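**Q** The following comprises the amino acid sequence and a computationally predicted model.
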Amino acid sequence: MGRGVGAAVDGIGSHEMAPPAVNKIDAEDIGIALRKGIADFAALRTDVITAVALYPVIGFVLAVWAFHAGQMHLLFPLAAGCPLIGPVAAIGLYEMSRRRERGEEVGWGAALSALTGRVLGPVLALGMLLVAIFVLWLFAAHEIWAATLGPMPQESLRAFLTATFTTEAGWTMAVIGILVGFVFAAVVLCVSLVSFPMLIDRSVGVPVALATSLAVARRNPGATLLWGVIVAVSLLLGMIPFFAGLIVVLPILGHATWHLYRRAVA
């Protein structure tokens, strides 16, 4: 066990010190990645659904908590914040796609095998960074609400929605919240664009993975923005039927992210 912990901690740093070259990608590459993601989902459907079924349940539980705790103002931030931690939820999916691409045996155990040895430390470190950003986003959303519609909570969801869309304070909250949320989303998108798949695939640490992800975003701003919009819209649609749609949306996006990484990083 001590050896495993040591390997995990050691893995946080870089073994390959120089970031790899990054490729130019466009909408066609994103389309190819999505088609391959759908193909992976179709081939591994049972195992994939098993691997991600917990996340919609967590989302639903958080939404119910916010509703019954009188924290209606956190319902939208919770839903909008899902993309911030989505890359963490898809760790096992990257490993499944990696194995299928190589013609290796793929099963639900492959998702767990991704979090062993040298990979565990970097993935946990980067995952904690995204969780910290998610918590910071919720705090920012709460403070924006408190400074506009708050600090007294609305009596019901209907009262909250009415106050949001029929008052100047409500519109101020919505506009500021959307702008601040966009900043958080942009940061996470650039940080996690290819970093998690790269940690699974190569003997690199967090610094190199982050540098490579930022390099991909910097070289491909248009494609990065398009991918971010696709992810955000897909996750939003997946949340509408009580988060149940995420059981399909998350796997497809997770698999597609792996294939996008393969096209973006040399």
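**A** Ah, there it is.
**Q** Lowest mean pLDDT among the helices and strands, pick that one out for this protein.
**A** Across the helices and strands of the chain, mean pLDDT, DSSP states H and E gives its lowest value to helix 2-11, namely a mean of 47.
**Q** okay, the helix or strand that it is followed by in CSV with CA atoms only?
**A** Where DSSP states H and E defines the elements, the next helix or strand beyond helix 2-11 is helix 27-43. Coordinates of each C-alpha in helix 27-43 appear next as CSV, following Å, rounded to 0.1, in the frame of the first residue of the first chain:
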residue,chain,number,x,y,z
ALA,A,27,-14.9,21.6,-36.7
GLU,A,28,-14.3,18.5,-38.8
ASP,A,29,-12.0,17.1,-36.1
ILE,A,30,-14.7,17.7,-33.5
GLY,A,31,-17.2,16.0,-35.7
ILE,A,32,-15.0,13.0,-36.1
ALA,A,33,-14.4,12.8,-32.3
LEU,A,34,-18.1,13.0,-31.6
ARG,A,35,-18.8,10.2,-34.1
LYS,A,36,-16.1,8.0,-32.6
GLY,A,37,-17.5,8.8,-29.1
ILE,A,38,-21.0,7.7,-30.2
ALA,A,39,-19.4,4.5,-31.7
ASP,A,40,-17.7,3.8,-28.4
PHE,A,41,-20.9,4.3,-26.5
ALA,A,42,-22.8,2.0,-28.8
ALA,A,43,-20.1,-0.7,-28.4
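**Q** Do a quick rundown of the helices in the stretch 1-150 of the chain.
**A** Using DSSP state H, counting those that start in this stretch, the helices of the stretch 1-150 of the chain run over 2-11, 27-43, 45-52, 54-68, 75-80, 82-89, 91-101, 108-113, 120-148.
**Q** Count the neighbours of residue 81 for me.
**A** Using other Cβ atoms under 10 Å, the number of residues around residue 81 comes to 24. C-beta: built from backbone N, CA, C; applies to glycine.
**Q** and it, what does it touch?
**A** By Cβ atoms under 8 Å, 6 or more residues apart in numbering, the residues touching residue 81 are 134, 137, 138, 184.
**Q** Tell me how many other residues crowd the nearest residue to residue 192 once chain neighbours are set aside.
**A** Spatial nearest neighbour of residue 192, chain neighbours left out: residue 87 (4.1 Å); criterion: Cβ to Cβ, 6 or more residues apart in numbering. Residue 87 is flanked by 27 other residues according to other Cβ under 10 Å.
**Q** And residue 125, by the same measure?
**A** As a burial measure, residue 125 scores 18 neighbours (other Cβ under 10 Å).
**Q** That one is in contact with residue 207, isn't it?
**A** No - contact between residue 125 and residue 207 fails when scored by Cβ atoms under 8 Å: they sit 10.3 Å apart.
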